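**Student:** Structure here, sequence nowhere to be found:
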């Protein structure tokens, strides 16, 4: 039986922790180990984690003496894992029954696959979700170049919530390395591209996890221009290392920059000037520095539209 090591980073999620760990320990058809990594939570996490460890010897607990942040915590989880496969599952999320079994089947059947992701169900209360196991599972194998190309065409982390479902071949993760400390928001995005350099990606077309929606979710802290800058940094970090290893590497890097600059210019007219998403001058500067041709094209277009509007107003 194959083993999946699941690291559970936890900060202020004591009230979610039992449900998360129970969803891991109840997975059929695989051997599991769980390591709860408490990043110095000020709530009841230490007591809840200790209770879980005392009730099941598959559960271990680590607690930081001071808050070290999610990147350090993630990397500690990666270093702890020694099983055939690993998963980082935030303490506020929940696996659905059979999720690990389905992922492992794909990884076992396709040795060239570095990791498997599935779909997530967004919900405020996973306990109220009824999940019926699919009679058959549809999946696809995405080649590395196609995977990276899609990131560049969209300019976003299209994996998104599916991070909660990402079961990774441990040897592939060891080759890929750690999450980057300089990418606190876009570290997942860069990691999914970097891991695809270790092999293809398996995509399960079925729900693998419940992604809990709540006000304290970490992703709420990053919006607007801050998010855009982190995504650019993720692309630059990845392509600085791998552009020359890909047949279209340099072209894809330019494509990513073009997409991000286009998004920035569109936001200049779509985002209110006083929005916390960023000052319009920040968007303009970002676009100019990222892809000057896109900046110039949008500027000319707006100039032409402004002139046309002025002429029409003079006729009235």
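**Tutor:** Now that the structure is in, tell me what you want to look at. Small disclaimer: the values here were computed from a predicted structure and weren't measured.

**Student:** Can you give the strand pairings for the longest strand along the chain, parallel or anti for each?
**Tutor:** For the chain, the strand with the greatest residue count under DSSP state E is strand 200-212. The strands beside strand 200-212 in its sheet (DSSP bridges) come out as strand 94-95 (antiparallel), strand 113-123 (parallel), strand 139-142 (antiparallel).

**Student:** May I see the buried residues of stretch 284-301?
**Tutor:** Within stretch 284-301, the residues scored as buried using 16 or more other Cβ atoms under 10 Å are 284, 286-288, 290-291, 294-295, 298. To be clear about C-beta, it is placed using only N, CA and C from the backbone, and glycine gets the same treatment.

**Student:** which among these gets closest to residue 126?
**Tutor:** Minimum separation from residue 126 among the buried residues of stretch 284-301 (Cβ to Cβ) is found for residue 286, which lies at 37.4 Å.

**Student:** ok, the nearest residue to that closest one once chain neighbours are set aside - contacts?
**Tutor:** In space, and not counting its chain neighbours, residue 286 is closest to residue 264: 4.7 Å by Cβ to Cβ, 6 or more residues apart in numbering. Under the criterion of Cβ atoms under 8 Å, 6 or more residues apart in numbering, the contact partners of residue 264 comprise 225, 228, 283-284, 286-287, 290.

**Student:** Narrow those residues to those in helices?
**Tutor:** In helices, defined here by DSSP state H, the members of the contacts of residue 264 are 225, 228, 283-284, 286-287, 290.

**Student:** Now render those as TSV, adding pLDDT and distance to residue 7.
**Tutor:** Conversion of the ones in helices among the contacts of residue 264 to TSV gives the following (pLDDT from 0 to 100; distance: Cβ to Cβ, whole Å):
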residue	pLDDT	distance to residue 7
225	91	32
228	95	29
283	88	37
284	90	41
286	95	34
287	93	38
290	97	35
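
**Student:** With respect to residue 76, which of those residues is nearest?
**Tutor:** The shortest distance between residue 76 and any of the ones in helices among the contacts of residue 264, using Cβ to Cβ, involves residue 228 and amounts to 29.0 Å.

**Student:** Now for residue 257: which residues touch it?
**Tutor:** Contact analysis of residue 257 by Cβ under 8 Å, 6+ apart lists 232, 235, 290-291.

**Student:** Now the two most distant members of those residues.
**Tutor:** For the contacts of residue 257, the farthest-apart pair by Cβ to Cβ is 235 and 291; their separation is 12.0 Å.

**Student:** Which secondary structure element of this structure has the lowest mean pLDDT?
**Tutor:** Among the secondary structure pieces of the chain, namely its helices and strands, helix 292-315 has the lowest mean (mean pLDDT, DSSP states H and E), a mean of 66.

**Student:** Report how many residues lie close to the nearest residue to residue 165 once chain neighbours are set aside.
**Tutor:** Closest residue to residue 165 apart from its sequence neighbours, by Cβ to Cβ, 6+ apart: residue 208 at 3.8 Å. Residues near residue 208, counting by other Cβ atoms under 10 Å, number 25.

**Student:** How about residue 118?
**Tutor:** Using other Cβ under 10 Å as the criterion, residue 118 is surrounded by 25 other residues.

**Student:** For it, which non-adjacent residue is closest in space?
**Tutor:** Nearest to residue 118 is residue 208, by Cβ to Cβ, 6+ apart, at 3.1 Å.

**Student:** pLDDT score assigned to the one you found?
**Tutor:** Here, the pLDDT recorded for residue 208 equals 96.

**Student:** Ok, residue 128 next?
**Tutor:** pLDDT, residue 128: 74.

**Student:** got the contact list for it?
**Tutor:** In this structure, residue 128 makes contact with no residue, judged by Cβ under 8 Å, 6+ apart.

**Student:** thinking again about what came up before, closest one of the contacts of residue 257 to residue 190?
**Tutor:** Distance to residue 190 across the contacts of residue 257 (Cβ to Cβ) is lowest for residue 235, with 7.9 Å.

**Student:** wait, the closest one sits on residue 148?
**Tutor:** No. Residue 235 lies out of contact with residue 148 (Cβ atoms under 8 Å); the separation is 9.8 Å.

**Student:** Roughly how far does residue 198 sit from residue 168?
**Tutor:** 9 Å (Cβ to Cβ, to the nearest Å).
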